[in-house]
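# Need coordinates for the following:
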Amino acid sequence: MRGEPVLERAFRVLGAFTEAGEGLALHTLAARAGLPKSTTSRIAAQLTDVGALERLDNGEFVVGLQLLEIASLAPRGHGLRAAALPFMQDLHRVTGQHILLAVRDGNEAVLVERLSARGAAAVKYRVGGRLPLIGTGIGIALLAHAPGRIRKEALAGADDAACVRRLLATVRTDGVCAVTVPNPLRSGPTAMSTVAAPILNRRGDALGALSLVAPDEGAPRTAAVTALRRASLAISQAAGP
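Okay, here's the model as predicted:
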């Protein structure tokens, strides 16, 4: 721990927050950050002073609005979101399900937007949250157009590498894939079906990926596959080079 840059420790404190609107007591914040309580207290106070954290009347810390203001300027997330939102809203209105938009950050996907209908099945996704590239449809769509090193590392950790390779090939050939995964929530359907498509620039690099998440009905929805593919192409055009 000694010698670790202050900035890295500050990001460890910020990274302790995992749920939207979550308030953390100092001892919880320290435990999650893996830092001594005294160090965490000092860093949290400094982050509060600059608006990165806020302290509630009960003493708990929450993420501050200053972070939202800064994060909204991120070009990869905000610019893509602006281009994608009209098409996401169309899909959301027609399907009545969850529509997700994500970008790749290293070996993970970061969710930059989520539209959810009131009657849609509950899912554990949040804007700003991270998802694995293996085991999620939107992650597979991103992985299909990731650098070879990233694909190799992801495949090395896959339980069924052959299946993942087939899905990656499907994305590269058809521009869309369908994946069924267990629902981690106890309530609602036991499995969720994801249809996902990459959003590519003119060079063929992935700007992000779009997905529709709905209760599994045993077979991919042809209409959903077609709609996702068309929307991803339209977003690619709207996002520019």
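
# At which residues are the helices of this structure located?
Ranges of helices in the chain, per DSSP state H, are 6-14, 26-33, 37-49, 65-71, 80-95, 137-143, 148-156, 161-174, 222-239.

# between the third one and helix 26-33, how many degrees?
Computed with axes from the mean of the first three to the mean of the last three Cα atoms, to 10 degrees, the direction of helix 37-49 lies at 100 degrees from that of helix 26-33.

# likewise the fifth one?
Our comparison of helix 80-95 with helix 26-33, counting by the same axes, to 10 degrees, yields an angle of 100 degrees.

# Now helix 80-95: buried residues?
80-81, 83-85, 87-88, 91-92, 95 (16 or more other Cβ atoms under 10 Å). (C-beta placed from N, C-alpha, C; glycine too.)

# Closest one of those to A102?
Of all the buried residues of helix 80-95, L80 has the smallest distance to A102: 9.5 Å, by Cβ to Cβ.

# In space, not sequence, find me the middle residue of this structure.
Closest to where the C-alpha atoms of the chain average out (Cα atoms, centre = their mean) is L111, at 2.4 Å.

# So, low pLDDT: which residues of the chain?
Residues of the chain that meet the criterion pLDDT under 70 lie in 1-4, 72-78, 119, 122, 182-190, 217-220, 241.

# okay, now the domains of this protein?
Taking the TED database as the criterion, the chain consists of the domains 6-70, 74-239.

# and among these, the most buried is which?
With neighbours taken as mean count of other Cβ atoms under 10 Å, the domains of the chain reach their highest mean count in domain 74-239, at a mean of 18.

# Mind putting the buried residues of helix 80-95 into a markdown table with distance to V127?
Output for the buried residues of helix 80-95, formatted as a markdown table (distance: Cβ to Cβ, whole Å):
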| residue | distance to V127 |
| --- | --- |
| L80 | 13 |
| R81 | 9 |
| A83 | 17 |
| A84 | 13 |
| L85 | 12 |
| F87 | 17 |
| M88 | 12 |
| L91 | 17 |
| H92 | 14 |
| T95 | 19 |
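
# Nearest to L56 among those?
Set against L56, the nearest of the buried residues of helix 80-95 by Cβ to Cβ is R81 (29.1 Å).

# Quick check: that closest one touching E113?
Yes - if you go by Cβ atoms under 8 Å, R81 and E113 touch, sitting 5.0 Å apart.

# List the contacts of the residue nearest to the centre of the chain.
Applying Cβ atoms under 8 Å, 6 or more residues apart in numbering, we find L111 in contact with 100-102, 125-131.

# which two from these end up farthest apart in space?
Greatest spacing in these, by Cβ to Cβ: L101 and R130 (14.0 Å).

# Great, nothing more from me.
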